[in-house]
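Undergrad: Sequence below, structure please.
(one chain, ligands or ions: 1)
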Amino acid sequence: MALGQVLHGVVVLSCLALGVWSVITDSQADIIRTAVRDAIDVNEDEGGTMVLRAGLVRLAFHDCVGDRCDGCINMALDDNAGLDTYINYTDHLYDDTDVDGYTMRELGFSRADFWALAAVEALDYSTEDAQSSGCRRTGCTYVYADITYQQGRVDCDTSPTTTEEADYPSGIGDTDHVVDFFKDTFNFTEQETTAIMGAHALGAAHRDASGFVGPWTERQKQFSNQYYIDMFDGSLGWEMVQKGTRNNRVYQWTSANSTSSRMMLNADMALIFDIGDTTSEGEVVDCIYSTCPDATGNTEYWALIYANDNEYFLEHFGLAFTKMINHGYDSSSDVLSVSLR
Ligand code: HEM
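TA: Model (predicted):
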């Protein structure tokens, strides 16, 4: 029997004795993270509209909506449209990455653990990209999101798909909808809700998935507080525009004064505005960007703080993200920490 197998057995047995299923070591986590980073590079070399690093972050969020993070997505739900592309990518890594002579499946590392780890790596990579422009020659000291990664999530029997229903938030929802969703699902405060929405600095919406179109920020591969900066920037010329398809018409906020077609959902703008009544397609009828009243509650307060302080945002985002990816587990007994840096 190879030494690796013996050591692996020792780790598993000692963790079983603790009552927690731990299957990968810190160094094996590094191997998996490198594989994720390589896959992100390949995806971006190939071009295309589905940006893997962003999809991994969205996948981790959608996996954790419902009772717990369980490595299962109901692809029959419109809310999950587009995630199949990212699941296919990650399944290829799950079954093909050589982790000390084993695949992740062979090690018994759950998909839910893998999806959470892949999202952490995508965030770290994108954080480095956001901070590296000014420091390439002198060497970079990065400030990362304050995420604690733990393993021990349990997949549903049919992973990676399921027929279980789950309630996802609507892109055309107002402040109450967003705040209530995160309170009910993850027991988030308004501060945590405001921080977690900063994930929308990454990636884009796709007409053939949600119907919405375009990236939130100009640099959709960089993770920073840019989402909040843009939201408060009236010079971008935010106006409501109809998008979608014939069977799925939706309104979004689109920037008329930028070449990158930046957009925001009502659910994003609702952090800072009370958008009032909307039509069934999400068109705001009572106000425009310059006249919508401030959101009631604390979300606008936190959005403004994050717009002005990237490090504070990264700290708060990381804490909220950690809580989200441990949803359904007791972080002191069900899951074990893995040291990532
Ligand atoms: C009120 C809450 C939220 C709503 C309504 C919402 C809605 C959406 C919608 C409509 C899309 C576009 C999907 C597509 O067309 O491909 C999207 C993408 C995305 N979401 Fe959210 N989201 C919410 C919260 C979150 C959270 C909590 C995270 C992560 C922590 C997240 C991460 C992302 C990312 C990274 C993308 C871009 C994916 C890509 O580029 O393919 N979202 N979201």
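
Undergrad: where exactly do the helices run in the stretch 51-200 of the chain?
TA: Taking DSSP state H, counting those that start in this stretch as the test, the helices found in the stretch 51-200 of the chain are 52-64, 83-96, 104-107, 111-131, 175-186, 190-196.

Undergrad: residue contacts, the residue of the stretch 101-250 of the chain found nearest the ligand?
TA: Proximity of the stretch 101-250 of the chain to the ligand (C-beta to the nearest ligand atom) peaks at Gly203, 2.4 Å away. C-betas here are computed from N, CA, C, even on glycine. Gly203 is in contact with Val51, Arg53, Ala54, Gly55, Val57, Arg58, Pro215, Trp216, Gln220, counting by C-beta atoms under 8 Å, 6 or more residues apart in numbering.

Undergrad: Which pLDDT value belongs to the fifth one?
TA: Yep, that's Val57 we're talking about. On pLDDT, Val57 comes in at 98.

Undergrad: Run a quick neighbour tally on it.
TA: 24 (other C-beta atoms under 10 Å).

Undergrad: Spatially, which residue comes closest to it, not counting chain neighbours?
TA: Ala119 (4.9 Å; C-beta to C-beta, 6 or more residues apart in numbering).

Undergrad: cool, the third one as well?
TA: Once flanking residues are discounted, Ala54 sits nearest to Gly203: 2.5 Å by C-beta to C-beta, 6+ apart.

Undergrad: show me the contacts for the most centrally placed residue in the chain.
TA: When the chain is reduced to its mean C-alpha position, the nearest residue by C-alpha atoms, centre = their mean turns out to be Val57, at 2.9 Å. Counting by C-beta under 8 Å, 6+ apart, Val57 makes contact with Ala119, Ala122, Leu123, Ala199, Leu202, Gly203.

Undergrad: ranges for the strands of the stretch 201-341 of the chain?
TA: Using DSSP state E, counting those that start in this stretch, the strands of the stretch 201-341 of the chain run over 204-205, 214-215, 238-245, 248-255, 263-264, 336-337.

Undergrad: Could you dump those into JSON lines and include mean neighbour count and mean pLDDT?
TA: Formatted as JSON lines, the strands of the stretch 201-341 of the chain follow (neighbours: other C-beta atoms under 10 Å; pLDDT from 0 to 100):
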{"stretch": "strand 204-205", "mean neighbour count": "20", "mean pLDDT": "98"}
{"stretch": "strand 214-215", "mean neighbour count": "20", "mean pLDDT": "96"}
{"stretch": "strand 238-245", "mean neighbour count": "16", "mean pLDDT": "96"}
{"stretch": "strand 248-255", "mean neighbour count": "21", "mean pLDDT": "96"}
{"stretch": "strand 263-264", "mean neighbour count": "25", "mean pLDDT": "98"}
{"stretch": "strand 336-337", "mean neighbour count": "14", "mean pLDDT": "81"}
